[in-house]
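S.K.: have a look at this prediction, sequence included:
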Amino acid sequence: MKFDRLLKETLENIHDDDHVSGNINTPLRDDAFKLSDKEKIALIEHDMVRILETLGMDLTDDSLKGTPKRVAKMFVNELFAGLHPNNKPSASTFENKYKYGEMLVEKNITLYSTCEHHLLPIVGKAHVAYISNGTVVGLSKMNRIVDYFAKRPQVQERLTLQVVNALQEVLNTEDVACVIDAKHLCVNARGIRDIDSSTVTAEFGGAFKKAEVKKEFIGYLNLDTSF
Ligand SMILES: [Zn+2]
């Protein structure tokens, strides 16, 4: 009986959490950057007051009175700062002077993002790799690129593709891969409430499509090769 209920909830959740997205670009309105960040914060603060008051919260309470502004600033300046192209990390690259021709893996990049279906946190690790085509990037650049695209309302599949795509552009090579293993609080803390499950997504570009290259990359991550 319990199993039936779980199965039903799972099926409902699959429909509810339809994480399929056909386009690599974050869906943005044409007027997305017409307002300044300051104007956006003022409007969101106003809207947060309405949301909290609708829920019945007394915003004259000391503990709550700063919440609308705090949330508005957090949305614009932190959680969703990666929506604004101005915040994209600069693409400084270097010549590969050492002629290092093997794979470079930046693993266990801490990832904080936000599920765009529920506006709840996605927390996990990203693992990024590339094979240099004569160009290299500073190691922290990969962390910054992951962070930039993570700071948007996201679905994990799109985030994975955006990271690969951005690095392919910067490094001028198709040979880029990204694996993300993350927990979605919309699955862990609500709905099906499965605290242990995590979601793995992977995109293998260029040479990483070859089985032996993929295997080498996965080997460095100590993950199983079941995906
Ligand atoms: Zn979600």
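M.R.: That came through, no problem. Keep in mind it's a predicted model, so treat the numbers as computed, not measured. Residues are numbered from 1 along each chain as shown.
S.K.: can you give me the strands in the chain?
M.R.: Ranges of strands in the chain, per DSSP state E, are 93-95, 103-115, 121-131, 135-137, 153-154, 176-184, 199-204.
S.K.: so of the ones you listed, which one's packed in deepest?
M.R.: For the strands of the chain, ranked by mean neighbour count under the definition mean count of other Cβ atoms under 10 Å, the leader is strand 176-184 at a mean of 24. The C-beta positions use only the backbone N, C-alpha and C, and glycine is treated the same way.
S.K.: pLDDT on that one, on average?
M.R.: Average pLDDT, strand 176-184: 96.
S.K.: what residue ranges in the protein score low on pLDDT?
M.R.: Along the chain, segments meeting pLDDT under 70 span 1-22, 223-227.
S.K.: who in it is up against the ion?
M.R.: Listed as neighbours of the ion in the chain under the rule Cβ under 5 Å from the ion: 115, 117, 118, 186.
S.K.: the residue nearest to residue 130 when sequence neighbours are not counted and residue 156: what is the separation?
M.R.: Leaving out its chain neighbours, the residue that sits closest to residue 130 by Cβ to Cβ, 6 or more residues apart in numbering is residue 176, at 4.6 Å. Computed with Cβ to Cβ, to the nearest Å, the distance linking residue 176 and residue 156 is 17 Å.
S.K.: please work out which residues outside stretch 111-118 touch it.
M.R.: 16-19, 79-80, 120-126, 146-147, 150-156, 159, 180, 182, 184-186, 190 (Cβ atoms under 8 Å, 6 or more residues apart in numbering).
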